[in-house]
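Trainee: Would you be able to build a 3D model of this:
(one chain, ligands or ions: 1)
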Amino acid sequence: MNNIKLQELDLEYIWHPCTQMKDHEILPLIPIKFAKGIYLYDFDGNKYIDAISSWWVNIFGHCNEFINQKIKEQLDKLEHVILAGFTHKPAIKLAKKLVTISPTPLKKVFFADNGSSAIEIALKMSYHYFKNKGQNKEYFLSLTNSYHGETLGALSVGDVKLYKEVYKPLLIKNLQTPTPTDKSLNAAKKALQDLKKILEQKASNISAFIVEPLIQGAGNMHMYHPYYLQKAKELCEKYNILLIADEIMTGFGRSGTMFACEQAQISPDIMCLSKGLSGGYLPLSVVLTTNEIYQAFYCDYNEGKSFLHSHSFTGNPLACSAALASLELFEKENILKKNKKTASYIAKKLESLKNYPIVTNIRQTGMVAAFDIKNYDPKERINLKIYTFALKNGVLLRPLAQTIYIMPPYIITQKEIDKIFEVIKGALQIL
Ligand SMILES: Cc1ncc(COP(=O)(O)O)c(C=O)c1O
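Mentor: Alright, predicted model coming up:
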């Protein structure tokens, strides 16, 4: 089989995610035969650097021998079991480990199997928590420009028009407060004034404020100052609403610390994790929360306060084993320290884009680096041009409108970073 044969077969049967399928009349799909480290290999012998860790997930690259081995060992013991009424070692070990490495008050782990489900759980849990305490708080609060997933609850609290607009009539009650306009302290302070205002007026109807800590991923890698988070947490406490940290993208070292919340020295009431959790291998997510929230649901069954949410593949043992292996790698290889070096090398390369007249708004937080193309006209679809150019030159980039970003696996070398920037510079020449 070669690329073309597989492309034909694929288009006959598959409807791809987040894709206008008609684009594939001009844009060939790339069938991947195998992957190793940061490289993807297609059926025609081409290789591509995965500069975005697939969908921001493969933090140790692809087919890592250690993670592979741990999944294989688990596969011969238990592939899956219902997590209601039953349990298993990988889930217990993982829950214990996550509680150990998370901000202190987070003590209980609720399992799910993807990021959007974790968000649904966090929203339902927040609303239900207050309901169990006799308060009906029907609204959520989120930041403008936020993204929390594609299911209806997650879309409701998100703010990316492209995904949300058409479904507006179906969405749940949500209010939005302006996100800080940039990474400066001043922008954080200004946005906090807006947050305070809305809380003064509406907090009695709001269950939770949900944020992507420090980096709004799908909102074009928009970044803001940790001060915003720090003070937002204080305001949430003052106005009696819960703070949900959506660390689905930022978690597991991506922001430069294990969790982005650490940089603001705060502990959210609820924290959602997925993506890098299983090393990007298998669908898995968790929602961590406090004993206080857990206790608000703990009662006799007939009191009707139980949290009866579930997914069939919740806490899958293979996914939990991958997650345990991934967390072991963090310790064994001192990944957070290594990433600091890698991130400062990326910073130097980013700096070298400064002199390109079409480049603006260069920014970085930890292992996420981004910049924008000036005077972007969405109709021109230059993001598609850049995507195609990069692929032709052996790099997988997936620009978000005017934003070009990299979010590479942590195992990337300086030479490979050089190659990515060479290709980015080449792409800038063709615009
Ligand atoms: C911050 C954030 N939250 C939630 C999600 C949704 O996760 P999933 O795609 O696994 O549903 C994403 C996905 O990109 C995300 O970046």
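Trainee: Ile362 sits in which helix or strand?
Mentor: strand 359-365 (DSSP states H and E).
Trainee: Which helix or strand lies directly C-terminal to that strand?
Mentor: Using DSSP H and E, the helix or strand that follows strand 359-365 in sequence is strand 368-373.
Trainee: Quick one: work out the angle between that following strand and strand 359-365.
Mentor: Angle, strand 368-373 to strand 359-365, by axes from the mean of the first three to the mean of the last three Cα atoms, to 10 degrees: 170 degrees.
Trainee: Can you tell me what sits against strand 368-373?
Mentor: 215, 217, 220-221, 223, 254-255, 346-347, 349-350, 353, 358-364, 382, 402-407, 431 (Cβ atoms under 8 Å, 6 or more residues apart in numbering). (Glycine included, C-beta is placed from N, CA and C.)
Trainee: Any idea what the closest residue to Asn361 other than its chain neighbours is bridged to?
Mentor: Residue nearest to Asn361 in three dimensions, not counting chain neighbours: Asp372, with 4.3 Å by Cβ to Cβ, 6 or more residues apart in numbering. Taking DSSP bridges as the rule, Asp372 bridges to Thr360, Thr403.
Trainee: Could you list the low-pLDDT ranges of this protein?
Mentor: In the prediction, the chain carries no residues with pLDDT under 70.
Trainee: Output the set of residues of it in proximity to the ligand.
Mentor: Residues of the chain found near the ligand, taking Cβ under 6 Å from any ligand atom as the criterion, are 114-116, 119, 147-149, 212, 217-218, 246, 248-249, 274.
Trainee: would you turn those residues into a markdown table with secondary structure, neighbour count and distance to Pro90?
Mentor: As requested, those are exported to a markdown table (DSSP: H, G, I helix; E, B strand; the rest coil; neighbours: other Cβ atoms under 10 Å; distance: Cβ to Cβ, whole Å):
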| residue | secondary structure | neighbour count | distance to Pro90 |
| --- | --- | --- | --- |
| Asn114 | coil | 19 | 18 |
| Gly115 | helix | 27 | 20 |
| Ser116 | helix | 22 | 23 |
| Ile119 | helix | 29 | 24 |
| Tyr147 | coil | 26 | 30 |
| His148 | coil | 33 | 27 |
| Gly149 | coil | 24 | 25 |
| Glu212 | coil | 27 | 28 |
| Gly217 | coil | 23 | 28 |
| Ala218 | coil | 22 | 30 |
| Asp246 | strand | 32 | 24 |
| Ile248 | coil | 29 | 21 |
| Met249 | coil | 27 | 24 |
| Ser274 | coil | 29 | 16 |
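Trainee: rewinding a little: from the chain's centre, how far out does the strand holding Ile362 sit?
Mentor: Here strand 359-365 is found 19 Å from its chain centre; the criterion is Cα atoms, centre = their mean, to the nearest Å.
Trainee: Please name every helix or strand in contact with that strand.
Mentor: Identification of packing neighbours for strand 359-365 by 3 or more Cβ pairs under 8 Å, 6 or more residues apart in numbering; DSSP states H and E yields strand 222-223, helix 335-351, strand 368-373.
Trainee: 10 Å - rerun?
Mentor: Judged by 3 or more Cβ pairs under 10 Å, 6 or more residues apart in numbering; DSSP states H and E, the packing partners of strand 359-365 are strand 215-216, strand 222-223, helix 335-351, strand 368-373, strand 403-406, helix 414-430.
Trainee: Would you mind finding the most buried of these?
Mentor: Among these, ranked by average contacts under mean count of other Cβ atoms under 10 Å, first place goes to strand 215-216 (a mean of 26).
Trainee: what bridges to Thr289?
Mentor: With DSSP bridges as the criterion, Thr289 is bridged to Lys108, Ile270.
Trainee: quick one, what contacts it?
Mentor: 105-110, 121-122, 125-126, 129, 242, 244, 268-271, 296-297 (Cβ atoms under 10 Å, 6 or more residues apart in numbering).
Trainee: can you check Phe252 too?
Mentor: Counting by Cβ under 10 Å, 6+ apart, Phe252 has contacts 57, 59, 101, 258-259, 273-280, 323, 326-327, 330, 335-336, 410.
Trainee: Could you do Lys173 as well?
Mentor: Per Cβ under 10 Å, 6+ apart, neighbours of Lys173: Tyr127, Lys137, Glu138, Tyr139, Phe140, Ser156, Val157, Asn205, Ile206, Ser207.
Trainee: so how far is Leu175 from the second one?
Mentor: This points to Lys137. As judged by Cβ to Cβ, to the nearest Å, Lys137 and Leu175 stand 12 Å apart.
Trainee: what does the fifth one give?
Mentor: Counting by Cβ to Cβ, the gap from Phe140 to Leu175 is 7 Å.
Trainee: quick one: common contacting residues for those two?
Mentor: With Cβ under 10 Å, 6+ apart as the test, Phe140 and Leu175 both reach Val157, Asn205, Ile206, Phe209.
Trainee: Of those residues, which pair is most distant in space?
Mentor: Val157 and Asn205 (14.8 Å; Cβ to Cβ).
Trainee: The two - which one has more neighbours?
Mentor: Neighbour count, other Cβ atoms under 10 Å: between Val157 and Asn205, Val157 has more, with 30 against 16.
Trainee: Just confirm the more buried one contacts Thr144, I think it does.
Mentor: No. The pair Val157 and Thr144 fails to qualify as a contact (Cβ atoms under 10 Å) at a distance of 11.2 Å.
Trainee: Residues that sit against both of these two, list them.
Mentor: What both Val157 and Thr144 touch, as defined by Cβ under 10 Å, 6+ apart, is the set Gln176.
Trainee: still on that earlier bit, so Phe140 and Leu175 - more neighbours on which side?
Mentor: Between Phe140 and Leu175, counted using other Cβ under 10 Å, Phe140 has the larger neighbour count: 27 against 16.
Trainee: Shouldn't that one be within a helix?
Mentor: No. Applying DSSP: H, G, I helix; E, B strand; the rest coil, one finds Phe140 to be strand, outside a helix.
Trainee: gap between it and Phe252?
Mentor: Using Cβ to Cβ, we find Phe140 at a distance of 25 Å from Phe252.
Trainee: just Ser312 next, same as before
Mentor: In terms of Cβ to Cβ, Ser312 sits 25 Å off from Phe252.
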